[in-house]
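S.K.: Here is the input, now give the coordinates:
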Amino acid sequence: MSRADSKIMRPIRNVEYDHWSYTIDDTYDSRKSSMKSEMIDEIDTISEDNYPKFKSKLKLDDKMTKINTLYREYHDFITNKNMIEQKKKNDLDRAVDEMHDTLIKWNKERKWKTNVERSLISNPADHDRMLKSLCREETEKQYYAGPKGKSLQLLEISKKKAKHILNSGLPLDIAVKSIGTEMASQKINLDLPKNMFNPALAIENK
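M.R.: Prediction:
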């Protein structure tokens with residue numbers, strides 16, 4: 001090859017171009033990344049040194065002190081409030097438990113039908129409703145245990161006697177008169193149909 005031929009410029013081929021373009025980008029980017037890391041460290045150090053002057057320039061010390069004081073007061077209040085709230089809740093639960101325990105003891109003796117579950121007395125607004133129901137139940141027991149209650153028992157006994165007379169095989173007229181007498185003992189007036197004991201009517205009913 002002649003000296004003249006050696007001076008002829010040869011174009012960069014695409015493959016070569018891509019290689020060197022990538023090499024340049026990667027080399028410079030790597031250096032840039034390294035420099036930025038060094039700069040960030042240096043900026044952090046300078047910033048830390050500048051902070052006292054910067055903070056003083058803003059003149060926020062009084063406001064920050066006030067916020068700090070109020071912050072502590074607020075969170076102390078919340079802490080105490082939660083403690084007081086929990087204490088009051090515990091006191092309330094114990095009081096409800098005591099009332100419920102008393103009702104359970106009474107219920108073992110009285111055998112109430114009224115529900116005395118704890119959940120029904122946790123709200124004071126529900127107390128009278130439950131106690132009135134219990135009072136009504138107690139009153140009903142006492143009432144039926146008294147003279148008028150016994151009259152119901154006598155009425156039931158008299159009814160059984162009337163049924164027994166009806167099934168005794170007595171002639172109808174005698175049975176009905178006996179039933180009427182039994183009913184009269186309970187102040188019941190037996191309303192008999194007219195001509196009930198008419199012999200002709202009796203024959204028709206055979």
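S.K.: For Lys187, which three-state class applies?
M.R.: The three-state label given to Lys187 by DSSP: H, G, I helix; E, B strand; the rest coil is coil.
S.K.: What separation do you get for it and Asn82?
M.R.: Distance check for Lys187 against Asn82: by CB to CB, to the nearest Å, it reads 71 Å. Any C-beta I mention is one placed from the backbone N, CA and C, and that applies to glycine too.
S.K.: Can you name every helix or strand that the host helix or strand of Leu155 contacts?
M.R.: Using DSSP states H and E, the element containing Leu155 is helix 147-166. Applying 3 or more CB pairs under 8 Å, 6 or more residues apart in numbering; DSSP states H and E, one finds that helix 147-166 makes contact with helix 172-184.
S.K.: Extract the C-alpha trace of the helix it packs on and format it as PDB.
M.R.: Listed next in PDB are the C-alpha coordinates belonging to helix 172-184 (Å, rounded to 0.1, in the frame of the first residue of the first chain):
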ATOM      1  CA  LEU A 172    -130.100 -37.200  80.100                       C
ATOM      2  CA  ASP A 173    -132.500 -35.200  82.100                       C
ATOM      3  CA  ILE A 174    -130.900 -36.300  85.400                       C
ATOM      4  CA  ALA A 175    -127.400 -35.800  84.000                       C
ATOM      5  CA  VAL A 176    -128.100 -32.300  82.700                       C
ATOM      6  CA  LYS A 177    -129.800 -31.300  86.000                       C
ATOM      7  CA  SER A 178    -126.800 -32.500  87.900                       C
ATOM      8  CA  ILE A 179    -124.400 -30.700  85.600                       C
ATOM      9  CA  GLY A 180    -126.500 -27.500  86.100                       C
ATOM     10  CA  THR A 181    -126.300 -27.900  89.800                       C
ATOM     11  CA  GLU A 182    -122.500 -28.400  89.600                       C
ATOM     12  CA  MET A 183    -122.200 -25.300  87.400                       C
ATOM     13  CA  ALA A 184    -124.300 -23.300  89.800                       C
END
